[in-house]
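> Predicted model follows, preceded by the sequence.
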Amino acid sequence: MIESLTRAMVLSGAGWVLWCLFALSFVSIAIGLERAWTYRSANGDLELLVRELRKLLRQDDLRRARQLLSNGDSVEQRVVAAGLAESGSGPAAAEQAMAAAMGLERARLEKRLLVLGTIGNNAPFIGLLGTVIGVVGAFEELGRPQAMTSAMGAANALAPERVMGTIAEALVATAVGLIVAIPAVAVFNYFQGRVTSALADAQTLGHVLLSHLEGKPSRELARHSEPEGHTRDSLAHAAE
C-alpha cells in the first residue's frame, strides 16, 4: 500500500499544488477587494454624529434626526435608524431593534471573511504538502536502479544534482504557500478590526438614542409641571 501511495504521489507531482495555491491566491485577492469596497463606508464620523444627534433629540426634532441618519450608509447610522424607527414604542423596543440591526450588520460585514481566514491558515500546509511530494519524488529518483551498467558511473555523478534540483523545486511550494498565507492573514485581521470598530461605534451612537428615550418621561413630567408652577406664581402675585 505504501508503494502504491508513493507511486501515486510521484506520478502526480507537485505542480497541481502550485496551481491550487495560485487559485487560492486569486480567491483571497478577490475577497479582499470586495470586502474593501464594502467597508469603504462602514465607519462614519462618530464624533459629528453623536453631537448632531444629541442636539436634534434634545429639540425633539425626530424628522431631522431621521434625515441625519439616512444621509449616510455607515453601520452606526443604519443601526440607530432602526432604533429610532421603534422609538415610539419605548426604550426597550428601540434597544431590541438596534440589537437586531446590529446582528444583520455583523453578518453583512463578516461575509466571506471565514473563507479568507481559512485560506490564510491552510495555505502553508498545502505548500508543505507540495514540498513533501517533491521530496518523495527526489528520493524515488535517487533510488531508481540504472538499467545500463555502462552508464552507471555517469548517472551516479549526476544523481546528486538531479536530486537537489528536485528538492529545490519542491521547496518552492512551501514558499508560495507562505506568500499566499501571509497577506491573507494580515487582511483578515485588518477586516476583523474594521468590523469590531464599526459595531463599537454603532453601540456608542445607540446609547445616545437610548439615553434620550429613557430620560424622556422625566423631561415630559417637568414640562407638564412647569405651567402649574407658573399658575401658582401668578396666583401668589394676584393675592399680593
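Good, I have the coordinates. Numbering: from 1, shown residues only.
> Which pLDDT value goes with residue 216?
Per-residue pLDDT puts residue 216 at 68.
> same thing with the one 3 residues further on?
According to the per-residue confidence, residue 219 scores 49 in pLDDT.
> now do the one 4 residues further on
pLDDT for residue 223: 46.
> now the helices for this structure?
Here the chain has its helices, by DSSP state H, at 2-12, 15-38, 46-58, 62-70, 75-85, 91-109, 113-142, 152-239.
> For the third one, list the C-alpha coordinates in CSV.
Output for helix 46-58, consisting of C-alpha atoms alone and laid out as CSV, is shown next (Å, rounded to 0.1, in the frame of the first residue of the first chain):
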residue,chain,number,x,y,z
LEU,A,46,-18.8,59.3,15.0
GLU,A,47,-18.0,62.5,16.9
LEU,A,48,-20.1,64.6,14.5
LEU,A,49,-22.9,62.1,14.5
VAL,A,50,-23.1,62.0,18.3
ARG,A,51,-23.0,65.8,18.6
GLU,A,52,-25.7,66.3,15.9
LEU,A,53,-28.0,63.5,17.0
ARG,A,54,-27.9,64.6,20.7
LYS,A,55,-28.7,68.2,19.6
LEU,A,56,-31.7,67.1,17.5
LEU,A,57,-33.0,64.7,20.1
ARG,A,58,-32.9,67.4,22.7
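> Under the pLDDT cut-off, which ranges of this protein? List them.
Within the chain, the ranges that satisfy pLDDT under 70 run 1-14, 139-166, 216-240.
> picking that back up, from the helices of the chain, which stretch is densest packed?
Of all those, helix 75-85 has the most neighbours on average by mean count of other CB atoms under 10 Å, namely a mean of 24. Yep, even glycine has a C-beta here, placed from its N, CA and C like the rest.
> tilt between that helix and helix 91-109?
150 degrees (axes from the mean of the first three to the mean of the last three CA atoms, to 10 degrees).
> From the contact counts, what lies against helix 75-85?
helix 46-58, helix 62-70, helix 91-109, helix 152-239 (3 or more CB pairs under 8 Å, 6 or more residues apart in numbering; DSSP states H and E).
> Which residue comes closest to residue 44 once chain neighbours are left out?
residue 74 (3.3 Å; CB to CB, 6 or more residues apart in numbering).
> Hmm, I typed the wrong one, I wanted residue 102.
Using CB to CB, 6+ apart, the closest residue to residue 102 is residue 79 (5.2 Å).
> which ones are touching that neighbour?
98, 101, 102, 105, 202, 205, 206 (CB atoms under 8 Å, 6 or more residues apart in numbering).
> thought residue 177 was touching residue 119?
No - Residue 177 lies out of contact with residue 119 (CB atoms under 8 Å); the separation is 10.3 Å.
> picking up where we left off before, which of the contacts of residue 79 lies closest to residue 39?
Nearest to residue 39 out of these is residue 105 (CB to CB; 11.6 Å).
> show me the contacts for that closest one.
With CB under 8 Å, 6+ apart, residue 105 has these contacts: 75, 78, 79, 198, 199, 202.
> ok, of the residues you listed, which one's closest to residue 26?
Nearest to residue 26 out of the contacts of residue 105 is residue 198 (CB to CB; 27.4 Å).
> Skipping adjacent residues, who's closest to the closest one in space?
Here the residue nearest residue 198, using CB to CB, 6+ apart, is residue 75, at 4.1 Å.
> And the one you found, how far from residue 211?
20 Å (CB to CB, to the nearest Å).
> Is residue 174 in contact with residue 126, as I believe?
No - counting by CB under 8 Å, residue 174 does not reach residue 126; the two are 9.5 Å apart.
> just to revisit the earlier point, for residue 66, state which of the contacts of residue 105 is nearest.
Residue 66 has its nearest neighbour among these in residue 78, at 12.3 Å by CB to CB.
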